[in-house]
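Chemist: Would you be able to build a 3D model of this:
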Amino acid sequence: MGAKKKAEKKPDDKDAGGKGKDDKKGGGKVKGAQAVVVRHILCEKHSRKEEALAHIMENPTLENFITVAKTYSEDKAKQGGLLGLQRKGALQPEFEEVAFALPESKGSNLNIGQAKTPFGYHLIVVEDRK
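Modeler: This is a model prediction of the structure:
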């Protein structure tokens, strides 16, 4: 008989962003269905990403992040960097690891993550968790 871990049903898995695809094991509940509503600023050059970050930090609000995204982002700029609802496994691993670790940003409570992917340098903000 193996030890069962039914008492540990907390969504507190810090290893969830790992490289394994074990999400479907464990009978029924698929942890891979977790999702975030995410915005980002994508810059090909590190210096441009740093410039965008400096402008955001002058007024660290979600509204300002959206404004800066429209100016600096090389992807989804017209939408203020909105990528929408993204499920685990749908994003670049480096981006996903940061996005799913970030707390939500609301109003003046801005939480920015940074990632480097094959597409470039990203400033990442999570608006909602599902």
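Chemist: So which residues of this protein form strands?
Modeler: With DSSP state E as the criterion, the chain has strands at 35-43, 82-87, 113-117, 120-129.
Chemist: which helices and strands does the shortest one pack with?
Modeler: Meaning strand 113-117. Judged by 3 or more C-beta pairs under 8 Å, 6 or more residues apart in numbering; DSSP states H and E, the packing partners of strand 113-117 are helix 93-101, strand 120-129. Where C-beta positions appear, they are placed from N, C-alpha and C, glycine not excepted.
Chemist: Report pLDDT for the residue nearest the centre of the chain.
Modeler: Computing the C-alpha centroid of the chain and ranking residues by C-alpha atoms, centre = their mean puts Ala99 first, at 1.8 Å. We have a pLDDT of 95 for Ala99.
Chemist: Contact partners for it?
Modeler: By C-beta atoms under 8 Å, 6 or more residues apart in numbering, the contact set of Ala99 is 36, 38, 86, 91, 113, 115, 124, 126.
Chemist: which among those residues gets closest to Gly107?
Modeler: Minimum distance to Gly107 across the contacts of Ala99 is 13.8 Å, recorded for Val126 (C-beta to C-beta).
Chemist: picking that back up, would you mind measuring from the residue nearest to the centre of the chain to Ser47?
Modeler: Plainly put, Ala99 is 23 Å away from Ser47 if you go by C-beta to C-beta, to the nearest Å.
Chemist: Also Ala35?
Modeler: Taken as C-beta to C-beta, the span from Ala35 to Ser47 is 32 Å.
Chemist: Quick check: mean pLDDT of the biggest helix by length in the chain?
Modeler: The residue-count maximum for a helix in the chain (DSSP state H) belongs to helix 46-58. For helix 46-58, the mean per-residue pLDDT is 98.
Chemist: Pull out the buried residues from that helix.
Modeler: For helix 46-58, a neighbour-count test (16 or more other C-beta atoms under 10 Å) marks 48-49, 52-53, 55-56 as buried.
Chemist: Export the residues you listed as TSV, with columns for distance to Gly107.
Modeler: As requested, those are exported to TSV (distance: C-beta to C-beta, whole Å):
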residue	distance to Gly107
Arg48	26
Lys49	24
Ala52	20
Leu53	19
His55	18
Ile56	14
